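1. Kindly return the folded structure for what I paste below:
(2 chains)
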Amino acid sequence: MSSPWLWYVSRACGVVTLVLLTLVAVLGMVTAGRFRPHSPLSAMAIGLHRSLALGMTVFLACHILTAVFDTYVHLGWLSPLVPFTSHYHRLWVGFGAIAFDIFLAVIVTSLLRQRLSTRVWRAVHWFAYAMAPAAVAHGLMMATTSQPVLLATTIACGLTLACGTLWRWSSHDADARRRADIASEEWT
Amino acid sequence: MTALLDLLLAAGLTGRGGADFPTATKLRLAQRHNAMLIVNACDGELDAAKDAWVIDHHLPEVLAAAERLTRTPFTVAAHRDSATLTRLRAAGVDTLAVPPRYVSSEESALVRLAHGGPARPVMRFTPIAAGGRDSAGRRLPPTLVLNAETVWRIWQIIEYGADWFRSYGTQDEPGPRLVTVVDGVRRPGVYSAQAGDPFAGILDRAGGLTVAAQTLWLGGLGGGFLRTADAHHATWSRNSLAPYGIRPGAGTVRILGTEKDPWQEVLRALDYAAGETAGQCGPCMLTLPAVRDDVAALLRGTAQAGTAEQLVRRTAELGGRGACHYPDGVAGFLASALDVFGTPGPEEQPCR
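-> Numbers count the residues shown, from 1 in each chain, chains lettered A, B, ... in the order given. A predicted model of the protein is given here:
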C-alpha cells in the first residue's frame, strides 16, 4: 500500500508523539524533583504525566503502523522493534526503535507497578532519560529539512528536554536529603 | 509444644508489649516457620520501665520459659548502655544491643538488626514471625519477637496453670499485668495490676498522689490522656478506656499536675516523636514534624489563621499510617490531647 496520506499521517503522529513525550517527561521530572510538592498542582502534574503517557501510545502506534504499511519505503515488522535492522536509514530508524522499546518497557512496568518492587519500576523508569535523546535524534535526522516548522518543533522539544534534565539533575530534593540525614544517624 | 500452645490459648495470654496480640497464635505461626526467638526487653515506650523490672527480678524464669519456646539459641534485646543490658551480659545471656531510638525496639526493626541490618522497621507483607523483607527486598529469616513480660507470664502459666492466670483480670483481658507509674506519686515504679483495676488503687500502690492531678497520661506516645474526673469511673483495661479513645498500651501512667500547662508536655513529647522517625514513610517523616510545628506555632501565638483546623485535619490523616504504625500511635496521642485539652493556644498573661 502506498499513498501520500500514509506518509502525512505517519509524520504528523510522529511529531505529536514527540511533543507529548516532551510534556510527559517534563511533568515526570517536575514530580520526581519535588518542584513545590505541597502545591495541589503537583497532584495534577502526576495525573497528567500518567494519562498523557498512556494517550501517547495511540499516536505512537499510529506513527509506527502507518510507516510500516506505507510501501513507498520498505521497513518491515521487525525494524520498529529491533534496532538497526532497517535497510532504510538503518541508524536513524534504529534510534526510533530504541526509543520505542524503552517506551514499551516503561509503560508495561508502570501498568504493573503494584506488582513490581519500587526498585525495578524505578530502574526501568530511569531509562526514559535514554529514550528522550534517542527519540529526538530519530525525529531530527529523519525530518524533512524543507519543513522548517517541523524541524523547529523537534529542536524545541530537544532543548526543553535538555533543560528539564539539567534542572532535575541540579535540583535539591529536601526530602531525599532529610532521608539520607536520618539514615546516617546511629541505627546499629 | 502443642500442649504448651493449648495451655496458653486456654489462659488467653496476649502480648504485653502493648499490642495485646494473642501469644498462642503468634507462637503457632513461629513454630510452623521454625522462627528464631528474640526476647524484647527494651522498654521502648516513653516512661516504660517494666521490661527492666522483669529482667531485674525474674531473669531465671524468663530464660527458662524462652528455652521451652525454642530449641535454637535465643537472644534478649535491650537498649545499648542500659543497666538491663549490663545485667543480662553479667548473667551470660546472649544479647542484642539496640540503639536507644523509639522505633528501633519495634518488632520488625529488632529482627532487621538481629540479622545484620539497621534497626529501622520494615514494611510487612506477611507477619514478621513468618519472615519479612527489608526495603532492599532481601529476605529476613522468620523471627519471633516476644516482650520480656510476655515470656515471664508464659513461665507463670506453665508453673501455676491457666486457671490461676485467669483468676486475674477480666474475661476479655485475663491475667496479671505490669504497670509503670511515673512522677506525681510518692513511690514511682513498676507495680502489678490487672485489667479492671480502678486507677485509685494503682496510684495507692505507688504511695498516692503528691500533686493535684489534672489528667493521667496513659501509654506514652501510643496512648493518650484521661481526665481525673473520668478516672473515677474508668478502670485500667482496654475495654473501659476504649470510649475515651485510648489504650493501656505498654502500661505507663504519668500524672499531669494542675500547675503545668499540659500542652507544653504534649509539645515536648511531639518534639521527641518528630525526631524519632526512621525517615522511611512519608506520614512519619513529613507529617510528624508538621503537626509538631502546628502545635508550637499555636502555643507561641504566631500561628496563621486556619492552623488549628489544619492540625485537626493532619491528625486525622495520620491515623492508620506508617509501615510500623508509629505515626498512627502518635495520631491517637495527639487526638486525645486535642479532645482533653482543647485547641492549643498561647498561655494567658495574668491581668494587672
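
2. Flag the helix or strand of the chain with the lowest per-element mean pLDDT.
-> You didn't pick a chain, so chain A it is. Across the helices and strands of chain A, the lowest-confidence element by mean pLDDT, DSSP states H and E is helix A:174-183, at a mean of 85.

3. Chain B was what I was after
-> For chain B, scoring each helix and strand by mean pLDDT, DSSP H and E identifies strand B:132-133 as the least confident one, at a mean of 86.

4. Toward the C-terminus from it, list the very next helix or strand.
-> strand B:139-140 (DSSP states H and E).

5. partners of that following strand in the sheet?
-> Strand B:139-140 has the following sheet partners, assigned by DSSP bridges: strand B:132-133 (antiparallel).

6. all strands of the stretch 251-352 of chain B, in order?
-> Defined through DSSP state E, counting those that start in this stretch, the strands belonging to the stretch 251-352 of chain B, from first to last, are B:252-257.

7. ok and the residue in it nearest chain A?
-> residue B:279 (3.0 Å; Cβ to the nearest Cβ). C-beta here means a position set from N, CA and C on the backbone, and glycine is covered the same way.

8. neighbours of the nearest residue to that residue once chain neighbours are set aside, just the number please.
-> Take residue B:279 and drop its neighbours on the chain: the residue closest to it by Cβ to Cβ, 6 or more residues apart in numbering or on different chains is residue A:182, 3.0 Å away. Each residue near residue A:182 was counted by other Cβ atoms under 10 Å in any protein chain shown, and the total is 17.

9. before we move on, what about residue B:204?
-> Other residues near residue B:204 number 14, with proximity taken as other Cβ under 10 Å.

10. if I've got this straight, it is in a helix?
-> Yes: if the criterion is DSSP: H, G, I helix; E, B strand; the rest coil, then residue B:204 is within a helix.

11. give the contact list for the residue nearest to residue B:279.
-> Contact analysis of residue A:182 by Cβ atoms under 8 Å, 6 or more residues apart in numbering or on different chains lists B:277-279, B:285.

12. Let's have those residues in JSON lines, adding pLDDT and neighbour count.
-> Shown next, in JSON lines, are these (pLDDT from 0 to 100; neighbours: other Cβ atoms under 10 Å in any protein chain shown):
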{"residue": "B:277", "pLDDT": "94", "neighbour count": "26"}
{"residue": "B:278", "pLDDT": "94", "neighbour count": "27"}
{"residue": "B:279", "pLDDT": "92", "neighbour count": "19"}
{"residue": "B:285", "pLDDT": "93", "neighbour count": "19"}
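
13. between those, which is closest to residue B:332?
-> For the contacts of residue A:182, the residue nearest residue B:332 by Cβ to Cβ is residue B:277; the value is 16.5 Å.

14. what sits against the closest residue to that closest one other than its chain neighbours?
-> Spatially, and ignoring its direct neighbours in sequence, residue B:277 is nearest to residue B:284 (4.4 Å; Cβ to Cβ, 6+ apart). Residues touching residue B:284, when contacts are defined by Cβ under 8 Å, 6+ apart, comprise B:277-278, B:321-322, B:326-327.

15. Can you tell me the closest non-neighbouring residue to residue A:6?
-> The spatial neighbour of residue A:6 that comes closest, neighbours along the chain excluded (Cβ to Cβ, 6+ apart), is residue A:70 at 4.0 Å.

16. what number of residues lie near that neighbour?
-> Applying other Cβ under 10 Å, we find 19 other residues in the vicinity of residue A:70.

17. so it sits right up against residue A:10, yeah?
-> Yes: the pair residue A:70 and residue A:10 qualifies as a contact (Cβ atoms under 8 Å) at a distance of 6.5 Å.

18. Please report the distance of the residue nearest to residue B:279 from residue B:315.
-> Residue A:182 sits 22 Å away from residue B:315, going by Cβ to Cβ, to the nearest Å.

19. Alongside chain B, which residues does chain A contribute?
-> Chain A has residues A:117, A:119, A:175, A:178-179, A:181-183, A:186-188 near chain B, with proximity defined as Cβ under 8 Å from any Cβ of the partner chain.

20. If any of the residues you listed are buried, give me the PyMOL selection for them.
-> This is the PyMOL syntax for the buried subset of these, where burial follows 16 or more other Cβ atoms under 10 Å in any protein chain shown:
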select buried, chain A and resi 179+182+187
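
21. Distance check, the residue of chain A at minimum distance from chain B against residue A:128.
-> Ranking the residues of chain A by distance to chain B (Cβ to the nearest Cβ) places residue A:182 first, at 3.0 Å. In this view, residue A:182 and residue A:128 are 29 Å apart by Cβ to Cβ.

22. roughly how far apart are the residue in the stretch 51-200 of chain B positioned nearest to chain A and residue B:247?
-> Among residues of the stretch 51-200 of chain B, the one nearest chain A by Cβ to the nearest Cβ turns out to be residue B:118. It sits 3.6 Å away. As defined by Cβ to Cβ, residue B:118 lies at a distance of 28 Å from residue B:247.

23. which of these two has more neighbours?
-> Neighbour count, other Cβ under 10 Å: between residue B:118 and residue B:247, residue B:247 has more, with 21 against 17.

24. Can you read off the backbone torsions of the residue nearest to that one when sequence neighbours are not counted?
-> Computed as Cβ to Cβ, 6+ apart, the closest residue to residue B:247 that is not its neighbour in sequence is residue B:219, at 5.7 Å. In this entry, residue B:219 is assigned phi and psi values of phi 70, psi 20 (degrees, to the nearest 10).

25. and residue B:219, how many neighbours does it have?
-> If you count neighbours by other Cβ under 10 Å, residue B:219 ends up with 28.

26. where in chain A is pLDDT low?
-> Where chain A drops to pLDDT under 70, the residues are A:1, A:144-145.

27. For it, which segments count as helices?
-> Counting by DSSP state H, the segments of chain A that form helices are A:4-32, A:40-69, A:90-111, A:118-126, A:128-142, A:148-170, A:174-183.

28. With distance to residue B:176 as added columns, please give those in JSON lines.
-> JSON lines is the format used below for the helices of chain A (distance: least, Cβ to Cβ, whole Å):
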{"stretch": "helix A:4-32", "distance to residue B:176": "54"}
{"stretch": "helix A:40-69", "distance to residue B:176": "51"}
{"stretch": "helix A:90-111", "distance to residue B:176": "54"}
{"stretch": "helix A:118-126", "distance to residue B:176": "45"}
{"stretch": "helix A:128-142", "distance to residue B:176": "60"}
{"stretch": "helix A:148-170", "distance to residue B:176": "59"}
{"stretch": "helix A:174-183", "distance to residue B:176": "39"}
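
29. ok, which stretches of the stretch 1-150 of chain B are helices?
-> Under the criterion DSSP state H, counting those that start in this stretch, the stretch 1-150 of chain B contains helices at B:2-11, B:23-32, B:50-69, B:83-90, B:107-114, B:148-166.

30. To what extent is the nearest residue to residue B:17 once chain neighbours are set aside buried, counted in neighbours?
-> Spatially, and ignoring its direct neighbours in sequence, residue B:17 is nearest to residue B:147 (3.6 Å; Cβ to Cβ, 6+ apart). Taking other Cβ under 10 Å as the neighbour definition, residue B:147 ends up with a count of 26.

31. For residue B:147, name its beta-bridge partners.
-> Beta bridges link residue B:147 to residue B:40 when assigned by DSSP bridges.

32. Might you report the residue contacts of it?
-> The contact partners of residue B:147, by Cβ under 8 Å, 6+ apart, come to B:15-17, B:39-40, B:51.

33. one step back: in space, what's closest to the residue of the stretch 51-200 of chain B closest to chain A - neighbours in sequence excluded?
-> Across the structure, with Cβ to Cβ, 6+ apart as the measure, the residue nearest residue B:118 apart from its sequence neighbours is residue A:187 (3.6 Å).
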